[in-house]
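In: Prediction below, plus the sequence it came from.
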Amino acid sequence: MIGGDWQQRREQAMAAVSLLLEPLAVQ
């Protein structure tokens, strides 16, 4: 399903952004 794939990609993107922003948030 395209919808399922899109949602999975979105979750992966959000996780990646969280990992990138986490060090900045700590500072």
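Out: That came through fine.
In: residues contacting the residue positioned nearest the centre of the chain?
Out: The centre of the chain sits closest to Met14, judged by C-alpha atoms, centre = their mean, with a distance of 1.6 Å. Residues near Met14 by C-beta atoms under 8 Å, 6 or more residues apart in numbering: none. (Glycine included, C-beta is placed from N, CA and C.)
In: Next one: it from Leu24, what distance?
Out: 16 Å (C-beta to C-beta, to the nearest Å).
In: got any ranges where this structure has weak pLDDT?
Out: Scanning the chain for pLDDT under 70 picks out the ranges 1-2.
In: which residues of it fall in strands?
Out: Using DSSP state E, no strands are found in the chain.
In: would you list every one of the helices in it?
Out: 2-26 (DSSP state H).
In: Can you report how many residues lie near Glu22?
Out: 9 (other C-beta atoms under 10 Å).
In: To clarify, my last question referred to Gly4.
Out: Gly4, neighbours per other C-beta under 10 Å, totals 8.
In: before we move on, what about Leu20?
Out: 9.
In: Any figure for the gap between Pro23 and Trp6?
Out: 28 Å.
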